[in-house]
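Undergrad: sequence below, structure please.
(one chain, ligands or ions: 1)
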Amino acid sequence: MTEPILVFDDVHLSFAGVKAVNGVSFEVGERELFAIIGPNGAGKTSIFNVLSGVYRPQRGRVVFDGVDLVGKPPHRIAALGMARTFQNIELFSNLTVLDNLMLGRHHHIRYGAPSAFAWFGRARHEEIANRAVVENIVDFLELEQWRSFPVGLLPYGVQKRVELGRALAMEPKLLLLDEPVAGMNLEETEDMARFVLDIRDELDIPMILVEHDMGLVMDLADRVMAMDFGTPIVTGTPGQVQADEGVIRAYLGQEHATEVTS
Ligand SMILES: Nc1ncnc2c1ncn2[C@@H]1O[C@H](COP(=O)(O)OP(=O)(O)OP(=O)(O)O)[C@@H](O)[C@H]1O
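TA: Next up is the predicted model:
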């Protein structure tokens, strides 16, 4: 078996007595689509915030591609190859699709101000290479017709796609998707599902998906970790998680659990 890209090992994070993440452990394989589900307040966003360096856990290890992340600031973690999309769109709404995607390349733009002004040599080569990566993403996410539009004028589903594109522009080794279909209609959701599968199968990028749309999670994920009150209830295939009595109880309450499983 190949090394996991991510090891999350016995992680604890509390806020003034609230145990947001309470001894959580999981691993994500090199080409895996791993989903985290759970009711509101279960600790899903807190896990993303620990992964991306926004919160420092009080205990535990987070090892990404062989590097220990605990204590590293968000920009260092991003530069190591972890990209994230957000629940609420975080794009520059006055900039075009292409310019927003180019901003995703900033970790890869290495030239300093003098060579950038001179606009020769390495700076020019890097600009061309970065443009090529961005053009590939425009094709991949079918954004061609929107490329020169300011993002703020685009339909919601397309804006979410641009945000995904900006994360892909980082050429990440792991992609964190925070509720990618929240607020989308059926057609937009189906489009997003297709792109997520293509990212795993064609670009070979592993992903962690946090999502409340259970149908989507169960259709897409290789494995699912279900949480409640900061603690994992079960981790397994979508079939195993759906059949788990603890999961049914967490979502539907004790009475339904008896009805569903009896
Ligand atoms: N910055 C914070 N300060 C205090 N408490 C926090 C903070 N962030 C999260 N919490 C608490 O930690 C717990 C887990 O919250 P978290 O946002 O991780 O849950 P979630 O599963 O992402 O929920 P949702 O599905 O609603 O986004 C909650 O009780 C929440 O109130």
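Undergrad: and what about the residue nearest to the spatial centre of the chain, helix, strand or coil?
TA: By C-alpha atoms, centre = their mean, the chain has its centre lying nearest to residue 176, at 1.4 Å. The three-state label for residue 176, taken from DSSP: H, G, I helix; E, B strand; the rest coil, comes out as strand.
Undergrad: how close does it sit to the ligand?
TA: Distance from residue 176 to the ligand, counting by C-beta to the nearest ligand atom, to the nearest Å: 12 Å. Any C-beta I mention is one placed from the backbone N, CA and C, and that applies to glycine too.
Undergrad: how about the helices in the stretch 151-262 of the chain?
TA: Secondary structure of the stretch 151-262 of the chain (DSSP state H, counting those that start in this stretch): helices located at 156-168, 186-201, 214-220, 238-242, 245-252, 254-261.
Undergrad: before we move on, the earlier item: name the nearest residue to the residue nearest to the centre of the chain, sequence neighbours excluded.
TA: Using C-beta to C-beta, 6 or more residues apart in numbering and skipping the chain neighbours, the partner closest in space to residue 176 is residue 84 (4.2 Å).
Undergrad: these two touch, right, that neighbour and residue 52?
TA: Yes: Residue 84 is within contact range of residue 52, at 5.4 Å (criterion: C-beta atoms under 8 Å).
Undergrad: which residues touch residue 195?
TA: Applying C-beta atoms under 8 Å, 6 or more residues apart in numbering to residue 195 gives the contacts 140, 141, 161, 164.
Undergrad: need those residues in TSV with pLDDT, neighbour count and distance to the ligand, can you?
TA: As requested, those are exported to TSV (pLDDT from 0 to 100; neighbours: other C-beta atoms under 10 Å; distance: C-beta to the nearest ligand atom, whole Å):
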residue	pLDDT	neighbour count	distance to the ligand
140	97	16	28
141	97	22	25
161	94	22	22
164	95	23	19
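Undergrad: list the contacts for residue 39?
TA: Taking C-beta under 8 Å, 6+ apart as the test, what residue 39 contacts is 228, 250, 251.
Undergrad: now do the SS call for it.
TA: Residue 39 ends up coil, using three-state DSSP.
Undergrad: quick one, phi psi at it?
TA: Here is the backbone geometry of residue 39 (degrees, to the nearest 10): phi -60, psi 170.
Undergrad: distance of it relative to the ligand?
TA: Distance, residue 39 to the ligand, using C-beta to the nearest ligand atom: 7 Å.
Undergrad: so which residues of the stretch 51-200 of the chain form strands?
TA: 59-64, 67-68, 82-85, 174-178 (DSSP state E, counting those that start in this stretch).
Undergrad: hmm, back to that, pLDDT score for the residue nearest to the centre of the chain?
TA: Looking at residue 176, its pLDDT stands at 97.
Undergrad: what bridges to it?
TA: Taking DSSP bridges as the rule, residue 176 bridges to residue 84, residue 208.
Undergrad: contact partners for it?
TA: Neighbours of residue 176 in contact, by C-beta under 8 Å, 6+ apart: 48, 51, 52, 82, 83, 84, 85, 207, 208, 210.
Undergrad: one more time with 7 Å
TA: 48, 51, 52, 82, 84, 208 (C-beta atoms under 7 Å, 6 or more residues apart in numbering).
Undergrad: ok, and the closest non-adjacent residue to the fourth one?
TA: This points to residue 82. In this structure, residue 82 finds its nearest non-sequential neighbour in residue 174, 5.1 Å apart by C-beta to C-beta, 6+ apart.
Undergrad: surely that neighbour is in contact with residue 8?
TA: No: between residue 174 and residue 8 there is no contact under C-beta atoms under 7 Å: 11.5 Å.
Undergrad: quick one: name the residues of the stretch 1-150 of the chain near the ligand.
TA: 15, 18, 20, 38, 40, 41, 42, 43, 44, 45, 46 (C-beta under 6 Å from any ligand atom).
Undergrad: all set now, cheers.
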